[in-house]
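Provide a 3D model corresponding to the input given below.
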Amino acid sequence: MTAGGPILVIDTATTRAVIALGTPGGDLIEARGWVAGYRHGEELLARIESLLVDRKLAPAALGGVVVGTGPGAFTGLRVGIATAKGLAHALGLPIVGIPTGAALLAAATAATASDAEARLVLLQPAGPSDRVLSRPHEAPRILPGGVDPDVREGERLVAVDLDGRAPDDAVERGRAAHEGLASALLVAGARRIESGDVDDLARLVPEYVTLPRGVRDPIPDEAVEVTGGVS
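Next comes the predicted model:
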């Protein structure tokens, strides 16, 4: 670890994975995203290594890791958080988990400044038919298939990964939110790292909205072995 080194950002809560580098002050250096679907584990470490190589940055020069904690689907979140934990442990880096939902809403708010009076709420998939609705300062709520979100007066939907399953304007806000996700995670995470409000590796857990068939309880991320070229 290098004191004051760049911060690595990782988010795999949605079907579009995001990695980024930023300054300790929260300024974005570079962000990269790709459509991972539900195959985050196949590319994540290689993409991180490529970003570091292109920036001529040794892993040991990093100053911290920020990872999105969801809500999201089991496989993507498990891979992302296990990878972030593995890197933080191996490199002796402070790690901070930031709720992806809150970061998406922050990014959507920044992107919709012209609609400043609106209160934004997040809608995400929870399996093939259900959806999850997240409001600031409230626990996410699962909406079974066929149940419409109870949009309150003055609220606007931000729909992520829901093309064809949410209103077009909500999907468009979701795309704008995802464009700003890396920056929103970085700003929130850098602030916590600077203040010393970092997470304990053993207690940092994802917020799942769906589990694979037959799985009752999330498998501890400590059981996931992280291997690859970043060392």
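
Report the beta-bridge partners for Arg141.
Leu133 (DSSP bridges).

thought it was touching Val132?
Yes: using C-beta atoms under 8 Å, Arg141 is in contact with Val132, at 6.8 Å. For the C-beta atoms, the positions are set from N, CA and C on the backbone; glycine is no exception.

check which helix or strand covers Leu57.
Using DSSP states H and E, Leu57 is not contained in any helix or strand.

how close does it sit to Gly64?
Using C-beta to C-beta, to the nearest Å, Leu57 is found at 13 Å from Gly64.

For Ile7, which residues are in contact?
Contact partners of Ile7, counting by C-beta atoms under 8 Å, 6 or more residues apart in numbering, are 21-24, 62-66, 186, 189-190, 193.

If you count surrounding residues, which of Leu57 and Gly64 has more?
Taking other C-beta atoms under 10 Å, Leu57 and Gly64 do not tie; Gly64 has more neighbours (27 against 17).

count of neighbours near Leu157?
Neighbour tally, Leu157, other C-beta under 10 Å: 21.

from memory it sits against Ala166, does it?
Yes: with contact defined as C-beta under 8 Å, Leu157 and Ala166 form a contacting pair (6.5 Å).

Can you spell out the domain ranges of the protein, please?
Per automatic domain parsing, the structural domains of the chain span 7-100+184-223, 101-178.

which SSE is the residue in the chain sticking out farthest from the centre in?
Ranked by distance from the centre of the chain (C-alpha atoms, centre = their mean), the top residue is Glu153, with 28.1 Å. Under the criterion DSSP H and E, no helix or strand holds Glu153.

How about the one 3 residues further on?
When secondary structure is defined using DSSP H and E, the element that contains Arg156 is strand 155-159.

Below-threshold pLDDT in this protein: ranges please.
Scanning the chain for pLDDT under 70 picks out 38, 113-117, 210-231.

would you list every one of the helices in it?
Along the chain, counting by DSSP state H, helices occupy 44-54, 74-91, 100-111, 168-179, 181-195.
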